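Participant: Sequence first, predicted model second:
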Amino acid sequence: MPIEFTHVPGKSADAAVPFFYDFAETATKLGLIEDGGFQKIVVDDPAGLLTNMDLGAQVLNRTASLEVVLTHWAGVIEPTVAARQLASIDRESGGRLALRMISEPLNDDDAETRPVGHGVIWQRIDEYLVLLKRLWSNDRPFDHEGAFYSIKGGYVPRKGPHGADLVIRMGGQSGTALKVAGRHADVFELAPGSIDEVRQLMERVRGAAAEHGRAGKLRFALPVRIHQGASIAGYKAVDLSGPPAQAALSLLAYAGLGIDEFMIIGVDTPREIATVGRETIALLRNSLARREDHDAFRPGAYAPRAGLETRAAG
């Protein structure tokens, strides 16, 4: 499958307004993103989950092909409510929704009843995803009594086009996080790092997925920041600088690991979006096509070339 590109709206420290603040302006940017070679856009607004759902629906209504990667976390709303709302958004968009699960601290009420820790957070995410998938696939109401959720007569009458196969995206580096991701993730969002570090993490993720018979079902996404001189807060990514051709060559080395998707950060003005689409994305795709035509593309075939500035941004 060809490399895909996802637009990640930036969180500039000095940004006057968020990406989705003025939707008339956003609509213009969405058109450029869709026409510029991006297949997906991340919706992750500071206002939180319910705002993300509303914005995600608006983006889907104003685009024809973009997939919305909706940032989501367990604990904000009950699984039955979330399952119905997400199924509705997915159904109305014709199946262009993906769920991006991130970890969040437990709330104060939870802290009073159980110790808050990394393992507890991921246990709740695991139970939450199990319930979402069950609600998206069941043909009759069911009851559930678990460590974090209690459901009586849980049922979603109108499923989304993909049902329980809605794309789930996850990340993490701890053994606990990888264990949950290995069970649920369809796309794994990698942490930034060198070629070797990224390769090692991919191997760990495949090992975790293999325990559930899913090693061959995973796709990998790598966050990449195209350096435009602005300060980007809130994201860590492989940082690229230099002209578009140089950035494309740097990405080629990572593509050789078997990465399926690049999540592009730091490209938010209409000019930046158009330039990256017309130059960097097009150059990388053309390079990959030429390598494949000559049977030279294979995992690990490309090593970073001398002089290319490719680094992990912390």
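Facilitator: Yep, it's here. Residues are numbered from 1 along each chain as shown.
Participant: which other helices and strands contact the helix ranked longest in the chain?
Facilitator: As assigned by DSSP state H, the longest helix anywhere in the chain is helix 118-137. Where contact means 3 or more CB pairs under 8 Å, 6 or more residues apart in numbering; DSSP states H and E, helix 118-137 is packed against helix 79-92, strand 97-101, strand 142-145, strand 150-154, helix 175-184. The way it works is simple: take the backbone N, C-alpha and C, and place the C-beta from them, glycine included.
Participant: any weak-confidence spans in the stretch 1-150 of the chain?
Facilitator: For the stretch 1-150 of the chain, the stretches with pLDDT under 70 are 1, 11-17, 104-116.
Participant: Going along the chain, name the helices of the stretch 151-300 of the chain.
Facilitator: Counting by DSSP state H, counting those that start in this stretch, the segments of the stretch 151-300 of the chain that form helices are 175-184, 195-210, 244-255, 270-275, 282-293.
Participant: So what touches the first one?
Facilitator: If I follow you right, that is helix 175-184. By CB atoms under 8 Å, 6 or more residues apart in numbering, the residues outside helix 175-184 that reach it are 101, 103, 118-119, 122, 125-126, 129, 133, 168, 170-172, 188, 204-205, 207-212, 214.
Participant: if we can go back for a sec, dump the helices of the stretch 151-300 of the chain into a markdown table; add distance to V81, mean pLDDT and mean neighbour count as well.
Facilitator: A markdown table is the format used below for those (distance: least, CB to CB, whole Å; pLDDT from 0 to 100; neighbours: other CB atoms under 10 Å):
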| stretch | distance to V81 | mean pLDDT | mean neighbour count |
| --- | --- | --- | --- |
| helix 175-184 | 20 | 96 | 20 |
| helix 195-210 | 29 | 96 | 17 |
| helix 244-255 | 38 | 86 | 21 |
| helix 270-275 | 35 | 91 | 16 |
| helix 282-293 | 40 | 84 | 15 |
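Participant: any chance of these in a markdown table, plus distance to L86?
Facilitator: Below are the helices of the stretch 151-300 of the chain laid out as a markdown table (distance: least, CB to CB, whole Å):
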| stretch | distance to L86 |
| --- | --- |
| helix 175-184 | 15 |
| helix 195-210 | 23 |
| helix 244-255 | 31 |
| helix 270-275 | 27 |
| helix 282-293 | 31 |
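Participant: could you give the angle of the strand ranked longest in the chain to helix 244-255?
Facilitator: Criterion DSSP state E: the longest strand present in the chain is strand 219-226. Orientation check (axes from the mean of the first three to the mean of the last three CA atoms, to 10 degrees): strand 219-226 against helix 244-255 gives 150 degrees.
Participant: Strand 219-226: partners in the sheet, and parallel or antiparallel?
Facilitator: Strand pairing for strand 219-226, using DSSP bridges, gives strand 187-189 (parallel), strand 238-240 (parallel), strand 261-265 (parallel).
Participant: Pick the most deeply packed of those strands.
Facilitator: Most buried of the strands paired with strand 219-226, by mean neighbour count (mean count of other CB atoms under 10 Å): strand 261-265, with a mean of 25.
Participant: Give me the contact list for that strand.
Facilitator: Outside strand 261-265, the residues touching it (CB under 8 Å, 6+ apart) are 3-8, 10, 38, 40, 42, 187, 189, 219-226, 232, 235, 237, 251, 254, 276.
Participant: Could you report the separation of Y128 from T71?
Facilitator: Distance of Y128 to T71, given as CB to CB, to the nearest Å: 14 Å.
Participant: Between the two, point out the one with more neighbours.
Facilitator: Y128 (23 against 18; other CB atoms under 10 Å).
Participant: you'd agree L222 is up against L190?
Facilitator: Yes - contact criterion CB atoms under 8 Å: L222 and L190 qualify, at 4.9 Å.
Participant: Since that was my last question, I'll sign off now.
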